[in-house]
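need a structure here:
(2 chains)
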Amino acid sequence: MGKAVRIRIMGAGIVGLTIAFEFARAGCDVELIECREGPGLGCSYLAGGMLAPWCEAENTEKLVFDFGLESLEFWTATVPVAARRGTLVAAPARDRPELTQFARRTSGYEHIDARRIAALEPDLAGRFEEALFFPSEAHLDPRAAMAALAARLSSFGNVAPRYGVDAARAPERADWTIDCRGLAAQDALPDLRGVKGEMLVLSTSEVALTRPVRLLHPRHPVYVVPRGDGRFMIGATMIESEEPGRITARAMVELLGAAYCLHPAFAEAEIVETGAGVRPAFPDNLPRIRRDGRKIYVNGLYRHGFLLAPALARRAVQTVLEDAYFPEVMDAHPRQRQSA
Amino acid sequence: MGVADTGADSLKLYGVEFSSRLLAGTAQFPSPAILSRAIAAAKVEVVTVSLRRESGGSRAGKSFWTLIRELGVRVLPNTAGCRSVKEAVTTAEMAREVFDTPWIKLEVIGEEDSLQPDVFGLVEAASILAREGFQVFPYTTEDLVAAEKLLGAGCEVLMPWGSPIGSGRGLNNPYALKSLRAHFPNVPLIVDAGIGAPSQAAAAMEMGFDAVLSNTAIARSGDPAKMARAFALAVEAGRLGYRAGLMHARDMAAPSTPVIGRAFGDLSRA
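From the prediction side, this is the model:
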C-alpha cells in the first residue's frame, strides 16, 4: 500500500465539511483550512436546513432533486442529524391559486384538508383550509449539523482542521487542493455571482411546530423552520446583490409579515437574531465541480447547500481518487485538460 | 389602410426601432441562464430590469447586471417597488449610472395591495425626470386624463396596465383600453402588467396596442423558454390581425356558402 493521498481543503462551510468527511472516510490525509475562527461560520451558518427535494423540484432542475435524495439519505443515515417529519406547504385563502400551481409542478405530496393540518400541526388548526404535505422530506439545524460533522471529523485520526488560517499564506503541501470557499472563490471562478439572502430567528413559547412550513405568496414566499426550544428560523429573501450588509427594514417587514400570517402569536415573539449572507451561484443556479489540474473547485450550491453538499462531496472524492467524470456537474471531460 | 399597408412594421420607441413587439421582464426566473434562453427563444429586444434600492452599492448586483448586459438586448431599467416621487427619481438616477441609458420605466406605486400606480406622483416624477433628460416609460392606468398629463410632462411612450402586476387577469377593462388607444393613435402604447396568457397578449395587440410587456407569466411558467416563444407568436399574430383588419362580430350566423337552393331540407326532421 502506498502513502495516503494528501488532500487540502480550503473553506469549512457545509461544502468543505462534507468533503473533508468523505475524504477522511476514504482514508486520505485531510487538512481543512478555514480563514474564520471555526467551522460553518459563512453563509451555511444562516441556512434554513430544509431537506426538501420535492418542494424544490417546483422551480429547480432535476439535478437538484436527484442530488437532494442522496443528501437526504446522508443526513438521515450517515450523519443522522435530520428529523424526517415532512414539510407543510400552505397559502393564505386569497393566494390559493399559488398552492394549485405549486402542486402542479411537483410530486411527492398529499393534498390535505383543515382536519389533517390540525392533526399534523395542532397550532395551525383553523388557519388554513388546505395544504400540501410532503411526508418524506426532512429538516435539520444547520449549526448543530455542522458541529456534528466537525465532531465526527475530529474523531478521525487523519483530519487536521486549521481554523483562523489564511489559506493564501499557508504553504502548499498536498497532492490535491479542493477549493470550497464559496463566494470568495470569485477570484478564480469569474462566472460565480452572489445572491443575497436575509433571515431572522424568532423565539416564542406560544407557537409549536414540528416541521417546516412554507407559506406561498405571489411576492414574498417565506418558510418557517422550527429549531426547537421555541425558536423559529424565518427565511429567506433572494436578492441579486453581492453586498451582505445587514438585513434591510423591508426584508424584515416581509419576513415578519409572513410569520404573522402563519400564526398571529408570532407578533409577540422575540426577535433573537437577524442575519444576511451571500449565496454563491453560477448563471444556471446549479452547482459545479470544476477541475483545474490537481485543484478542484466545488461551488455554486446557491440556496441548496445542505441539500446538495453530501452528494457533491461524494462525487468530488470520486473525481480525485477514481478519476471519475460527472457530466451533470462538470463542464468538460477531464481528459481534455490533463496537462497538469 | 388595407392593401396599401404592406410595409415593414417596426416598433419605434424614443427613436429606436425594434422588430419585436414583446418586451420581457427579468425578475422571478429560476436562473439567469433560463432567462437568457427565454429571451433568445422569443427574440425579445427589450428587457426591463428592477433596481432594488437596497442593492445600490458599488459591488452589489454587479454580476447579475453583467449577465443582463450580456443578453445583448436593450435594457429598460425600472423603478419597481418605489412608493414616492423622491424614491422613484433617486432610483432612476441610479439606473442611469448602472446601465448607462436615459431610458427609465417609471413606476410610482400608490396602493400596496394592488400595486396600482399613483398617477399623481407618476406625473410629478415623470416631469422631473424628463427635465433631467430621461426618456420616460410611465407605468400607468388606463385613465385618459392621467395619460394626457404624462404626455404633457414629456413622456413619448405610455405603459397602461392590463390588470394589476402579477395578477394574470389579462385586460381588465377593454373598453377603457380601446378608448385610450383611440385617443392617442400616434403615441406608442405598451400594455404592461397583468398579462397571464398568450391569448391575452394577442387580444391587446388586436386592439391596436403597439407592444406587450410580460414577466411573471413567462418567468413562473413551467418552461419559460417555451412560454416566451408562445408570447412572441401571440404578439405577432395579434399584430398581424390588427393590421389586416378584424371583421366585426355579428348577431346572426352568416354562413359563407349560400344554402338557398339546396336540394333537400333537414331530412332528419322529416
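
show me what contacts residue A:51?
Contacts here follow CB atoms under 8 Å, 6 or more residues apart in numbering or on different chains; on that basis residue A:51 touches A:68, A:71-72, A:75, A:82, A:137-140, A:306-307. In this view, the C-beta of every residue, glycine as well, is placed from N, C-alpha and C.

can you check residue B:83 too?
B:108-110, B:118.

7 Å - rerun?
Contacts for residue B:83 (CB atoms under 7 Å, 6 or more residues apart in numbering or on different chains) come out as residue B:109.

And for the one 10 residues further on?
Contacts here follow CB under 7 Å, 6+ apart; on that basis residue B:93 touches nothing.

returning to that earlier point: select from the contacts of residue A:51 every entry located in strands.
The strands, defined by DSSP state E, take in A:138-139 from the contacts of residue A:51.

After the helix or strand hosting residue B:201, which helix or strand is next?
Using DSSP states H and E, residue B:201 sits within helix B:198-206. Sequence-wise, the next helix or strand downstream of helix B:198-206 (DSSP H and E) is strand B:211-214.

counting contacts, what elements does that following strand pack onto?
strand B:22-25, strand B:190-192, helix B:198-206 (3 or more CB pairs under 7 Å, 6 or more residues apart in numbering or on different chains; DSSP states H and E).

That one pairs with which strands, parallel or anti?
strand B:22-25 (parallel), strand B:190-192 (parallel) (DSSP bridges).

Out of the contacts of residue A:51, grab the one that's most surrounded.
Of all the contacts of residue A:51, residue A:307 has the most neighbours under the rule other CB atoms under 10 Å in any protein chain shown, reaching 29 neighbours.

Could you pull up the contacting residues of residue B:26?
Per CB under 7 Å, 6+ apart, neighbours of residue B:26: B:35, B:47-49, B:68.

redo that, cut-off 8 Å
By CB under 8 Å, 6+ apart, the neighbours of residue B:26 are B:35, B:47-50, B:68, B:215, B:219.

do residue B:133 as well
residue B:102 are the contacts of residue B:133 under CB under 8 Å, 6+ apart.

Spatially nearest residue to whatever residue of the stretch 101-250 of chain A ends up closest to chain B (excluding sequence neighbours)?
Closest residue of the stretch 101-250 of chain A to chain B, CB to the nearest CB: residue A:193 (3.1 Å). Among residues not flanking residue A:193 along the chain, residue B:63 sits closest, at 3.1 Å (CB to CB, 6 or more residues apart in numbering or on different chains).

what's the distance between the strand or helix carrying the one you found and the middle of its chain?
Applying DSSP H and E as the criterion places residue B:63 in helix B:62-69. Here helix B:62-69 is found 23 Å from its chain centre; the criterion is CA atoms, centre = their mean, to the nearest Å.

Show me what the helix or strand just after that helix is packed against.
Note on helix B:62-69: by DSSP H and E, the next helix or strand toward the C-terminus is strand B:74-78. Helices and strands touching strand B:74-78, as assessed by 3 or more CB pairs under 8 Å, 6 or more residues apart in numbering or on different chains; DSSP states H and E, comprise strand B:46-50, helix B:85-99, strand B:103-106.
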